[in-house]
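1. Structure of the sequence below:
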Amino acid sequence: MILWSGLCIRSRLYAFNVSTDYGTTYEKLNERVGLKTVLSYLYVSPNNKRKIMLLTDPEVENSLLISLDEGASYQKHSLAFDILSLLFHPEQEDWILAYSHDQKLYVSLEFGRRWQLVHDNVVPNRFYWSKLGLDKEQGMIHLEISVSEGRSQYITCKLQNCTDGNKGKPFPGFIIPNSLVVQDEYVFIQCPALRFAPTSAPDLQIISTDDNQVVAAIQDWQQNDSYHLYMSESRGLFFTLMLENVVSSGGPEGNIMIDLYEVAGIKGVFLSNKIVENQVKTYITYNKGRDWRLLQAPTTDLQGNKVYCEQPYCSLHLHLHVSENPYTSGNIVSKDSAPGIIIASGVIGPELTSTNVSIFITSDAGNTWREVFQEEYSVFFLNQGGSLVAIRHTPLPIRHIWLSFDEGRNWDKYSFTSSLLYVDGVLGEPGEDTLIMTIFGHFSHRSEWQLVKVDFRSIFQHRCTLDDYTMWQVHDQGEACIMGMKRVFQKLSANARCVKTRDQYVPQKSDSCPCTEADFECCTPSFWFIPSATSRDCITGDTFLNTTGYRKAMSNNCTEGSALKYSPRRQRCPSQSPRGLQLFTSEGTPVAALDKNVTFLVFLEEGLGSTTSITVDFGDGTAISYVNISSIEDGIKHVYGKVGIYQVSATASNSLGSDKATLYLHVTCQLEQVQLSAPSVAVKNKAVNLTTALRPSQVGTVTYYWWFDNKTEPLVTLNGAMTCTFSKVGSHTVTVQASLGSTLHQDQMAIGVYDYFRSHVLAFSSNLDELNPGVSEWREDIGRVVKNSIVQVNSAAREYYIKTYSDEQLCSQAQKPSFKLVEVWLSVRFRHSESTGTPKTLWLM
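-> Below is the predicted model:
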């Protein structure tokens, strides 16, 4: 691992080396913190490079080493938890969130010197610092908490006071796990809808939230390797289709990679790979997705030969994956400091392939392209984009690099080492504001790491002045008005070998253009558009802005011209009755727990909420009314005291009419036990009654699964009683399972089946119970004596079943007897009389 602080390198065996002179000399960092200290990770504060944090190997020593002077000295602090990842605050240099291996989140306001637990059961990578414009306080954090399997909850809380009483719950219900995203001024969650199970929700990837607009990629259920791109309005609530079937692939860490690349330095320019008739083709847009077109292939190849490539059958196609390795340039690269320059690997032909790849460069933001290498090269920006450095991307050892001062039109070859080097990567200082690069690799596969410092300062002649710059205008095939603006950039002239300083700015001159039809989106309404929705809160007698069928594209800055023709027009508010009333629970499911609050949400698509009354009938004999829907935006709470299915209805009314919505709510409680009741013996081929008892007895709709002997499929019923027959003599096992929600309980009994049996009921004298009041053991003892006597009479060991009945099973509560019964079943398999063939007489005294 190599990174800038200055320059810090981690070699094998956890040895860290640091350089403060751009790689000329190095010192072992381990010697500063202790030779026996085993280091595992190094972090540099993004807000102050002088603040460095080192983590030790937790298997050896769980501690933190902190430097406030760019590594000159360190202080060691013990840790009570294992750090898995850190998240630095975007502005406060001492504020850090730490995530542990046991899913706990900690916070430090002193750059790691002290830590405090924020919350446990935090979902990995789903915690965020507060955002300007979204939160009023800097010390607020957004968390996704795992509640149970398949359920998460979105909460907010203050750093040092995340108690239950101080937690905020912006969304009252549960959310789909791993769906919380906080980006810029937007918060995204996915909720389980009434019609879908959580696993059925479409996959959503947030691509961009720039310019008060959300670009999202959504994968429908029938898609495997592609996504549809959607673009929102400023609130991020309503989306329109931007581009279909965009290529996607899996990243090295299981993440999803969408083939959409935003060109740096010029707003609104995107490149994307789209699947068209099973072929992958590259498209470009200059107006943030309103219009897309294929890339124009170069007119000549690297040798100057004419390229015959006619659209749409042939065009230029590019690989759009940005490198996740900080030491390689990736398939495509552009920089804010070099507007208009895009460098990418790709092919010319009918579709994108991975063979015969060349390197292409454009200097005019994708209008025209040049082939610069016919092999794969890594190209880096030098001198803040004023120059380009290329190094061959190959597994073979090399010793040369190429340098261009004219945006890749001409290249000079330089040797950076006398011996061939297997290059592992290249490191330049962040910001490209120095002329020093570090190339690292191996002379052989057995050698140690070698670092080569390449200093380009001697090649450049002077510091840049205004005379070294030229003006360049952004255009789309000659059209200068893009997104309602004409934009002119200042770029270095070709072959200007001057040094751009850190404080030099790339000026941009912008002028607005008159509006034309091209600045508006038209004309098919989106699926979510309700024509009357624009006047939903419009009061009769007032006016509102009604659409003309056109919508000005987001981030478009055109003025006047035809704006009035396509802009919304003011109309008088119509009078309308309520329509589109919806009723659902805040949890998103028609299920509620007994004796717990359930929140009902009501939404009206059409009709003025402030003048429309609402009545909610909870289905349990209670109802509540409100004078207007606007007063119940936070929902209506209710508690049910009995288990059952309730028909909940909401009725919206005004002077012009009414609308009604109905919800069938299942109120349940936790099932604790199921008990199976059945006779211990039965006659072959005769019906046997099976019944169940639940605890508690009223829990809602229960599903019963009946298993008989070793059958592989159960019999499923909604009734806790059933009748069955047994066709074979012997012992049979009956198992019943009672399922309610995610809870399942079972009970089991064995039933003896015979060709014939006789039942004798033994009644005991009431005075026996007076001697043993409320004690059942004496009856069981007598039962065993009776059984043994019967066995002796029949001269063989046979099964006899004795069952003791309680008072409650015999009589009602009002007529309890003072005696108990013992019922004895005798099998017909008695020893028969040799003379008569009939059973011997059995006397029970």
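
2. Same question for stretch 102-110: list its buried residues.
-> In terms of neighbour count (16 or more other Cβ atoms under 10 Å), stretch 102-110 has its buried residues at 104-109. For every residue, glycine as well, the C-beta is placed using N, CA and C.

3. which stretches of the stretch 351-500 of the chain have low pLDDT?
-> Low-confidence segments of the stretch 351-500 of the chain, defined by pLDDT under 70: 429-434.

4. residue ranges of the strands in it, please?
-> 358-362, 370-373, 377-382, 387-392, 400-404, 412-415, 422-428, 436-442, 450-455, 462-463, 469-473, 485-492, 498-499 (DSSP state E, counting those that start in this stretch).

5. The longest one - contacts with which helices or strands?
-> Taking 3 or more Cβ pairs under 8 Å, 6 or more residues apart in numbering; DSSP states H and E as contact, the helices and strands that strand 485-492 lies on are strand 469-473, strand 508-512.

6. ok, which stretches of this structure are helices?
-> Secondary structure of the chain (DSSP state H): helices located at 30-33, 563-566, 766-771, 777-794, 807-810.

7. Can you tell me which of those has the worst average pLDDT?
-> In terms of mean pLDDT, the lowest-scoring of those is helix 807-810 (a mean of 44).

8. you'd agree Gln490 is up against Gln473?
-> No - using Cβ atoms under 8 Å as the test, Gln490 is too far from Gln473 to be in contact (11.0 Å).

9. Need the buried residues of stretch 102-110 in TSV (columns: pLDDT and distance to Val602).
-> Shown next, in TSV, are those (pLDDT from 0 to 100; distance: Cβ to Cβ, whole Å):
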residue	pLDDT	distance to Val602
Lys104	93	39
Leu105	93	36
Tyr106	93	41
Val107	92	39
Ser108	92	44
Leu109	92	43
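
10. Distance to Lys637 for those residues - can I get that in TSV?
-> Output for the buried residues of stretch 102-110, formatted as TSV (distance: Cβ to Cβ, whole Å):
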residue	distance to Lys637
Lys104	32
Leu105	30
Tyr106	35
Val107	33
Ser108	39
Leu109	37
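
11. right, and the pair among those residues with maximum separation?
-> Spatially, the most separated pair among the buried residues of stretch 102-110 is Lys104 and Leu109, at 17.3 Å (Cβ to Cβ).

12. Which pLDDT value belongs to Asp21?
-> Per-residue pLDDT puts Asp21 at 70.

13. what's the answer for Ala750, then?
-> Looking at Ala750, its pLDDT is 90.

14. what about Ser567, neighbour count?
-> Ser567 has 15 neighbours, counted by other Cβ atoms under 10 Å.

15. Distance of it relative to Met485?
-> 18 Å (Cβ to Cβ, to the nearest Å).

16. sorry, back to before: let me know the closest of the buried residues of stretch 102-110 to Tyr704.
-> Lys104 (41.8 Å).

17. is it true that the closest one touches Pro124?
-> No - if you go by Cβ under 8 Å, Lys104 and Pro124 don't touch, sitting 11.3 Å apart.

18. Roughly how far does Lys136 sit from Lys158?
-> For Lys136, the distance to Lys158 - Cβ to Cβ - is 11 Å.

19. Of those two, give the one with the bigger neighbour count.
-> In this view Lys136 and Lys158 are compared by other Cβ under 10 Å, and Lys158 has more residues nearby, 17 against 8.

20. Which residues are in contact with the more buried one?
-> Contacts for Lys158 (Cβ atoms under 8 Å, 6 or more residues apart in numbering) come out as 137, 139-141, 166.

21. Those residues, buried ones only, as a ChimeraX selection?
-> This is the ChimeraX syntax for the buried subset of the contacts of Lys158, where burial follows 16+ other Cβ under 10 Å:
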select :139,140,141
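
22. can I get the contacts of Lys158 in TSV with distance to Leu694?
-> Formatted as TSV, those follow (distance: Cβ to Cβ, whole Å):
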residue	distance to Leu694
Glu137	50
Gly139	50
Met140	47
Ile141	44
Asn166	41
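
23. Where does pLDDT dip in the stretch 101-250 of the chain?
-> For the stretch 101-250 of the chain, applying pLDDT under 70 flags the ranges 132-134, 193-202.

24. Can you convert the strands of the stretch 351-500 of the chain into CSV and add a column each for mean neighbour count and distance to Thr717?
-> Output for these, formatted as CSV (neighbours: other Cβ atoms under 10 Å; distance: least, Cβ to Cβ, whole Å):
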stretch, mean neighbour count, distance to Thr717
strand 358-362, 23, 69
strand 370-373, 20, 73
strand 377-382, 22, 68
strand 387-392, 22, 73
strand 400-404, 19, 78
strand 412-415, 10, 83
strand 422-428, 19, 67
strand 436-442, 20, 71
strand 450-455, 17, 75
strand 462-463, 10, 88
strand 469-473, 14, 77
strand 485-492, 19, 70
strand 498-499, 20, 84
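
25. Among those strands, single out whichever gets nearest to Met242.
-> Each of the strands of the stretch 351-500 of the chain has some distance to Met242 by Cβ to Cβ; the shortest is strand 485-492, at 20.0 Å.

26. So what touches stretch 44-57?
-> 3-5, 14, 16, 29, 33, 37-43, 62-71, 74, 83, 86, 88-93, 111-112.

27. same check, this time on stretch 205-214
-> 181, 183-186, 188, 215-218, 227, 229, 231-234, 236, 239, 256, 258, 260, 262, 267, 288, 554-555.

28. again, 10 Å this time
-> With Cβ atoms under 10 Å, 6 or more residues apart in numbering as the test, stretch 205-214 has contacts from 133, 181-186, 188, 215-219, 227, 229-237, 239, 242, 246, 248, 255-258, 260, 262, 267-268, 270, 288, 553-555.

29. tell me how far the ends of it are from each other?
-> Stretch 205-214 has an end-to-end distance of 11 Å (Cα to Cα, to the nearest Å).

30. Please compare the buried residues of stretch 102-110 by their distance to Glu780 and name the closest.
-> Of all those, Glu780 sits closest to Lys104, with 54.7 Å by Cβ to Cβ.

31. wait, the closest one sits on Val123?
-> No - if you go by Cβ atoms under 10 Å, Lys104 and Val123 don't touch, sitting 11.8 Å apart.

32. what's the spacing between the residue nearest to Ile83 when sequence neighbours are not counted and Phe81?
-> Counting by Cβ to Cβ, 6 or more residues apart in numbering, Ile83 lies nearest to Ala98, which is 5.1 Å off, once chain neighbours are set aside. Noted for Ala98: a distance of 8 Å to Phe81, by Cβ to Cβ.

33. and what of Ile624?
-> Taking Cβ to Cβ, one finds Ile624 at 49 Å from Phe81.

34. Just want to know which of these two has more residues nearby.
-> Under the criterion of other Cβ under 10 Å, the comparison of Ile624 against Phe81 puts Phe81 first, with 16 against 13.

35. Now do the contacts for the more buried one.
-> Applying Cβ under 10 Å, 6+ apart to Phe81 gives the contacts 58, 62, 98-102, 104, 106, 115, 117.

36. Drop anything exposed from those.
-> Here, 16+ other Cβ under 10 Å leaves 98-100, 104, 106, 115 buried among the contacts of Phe81.

37. farthest-separated two in those?
-> Going by Cβ to Cβ, the pair spanning the buried ones among the contacts of Phe81 furthest: Tyr99 and Trp115, at 11.7 Å.

38. what residues are shared contacts of those two?
-> 81, 83, 106.
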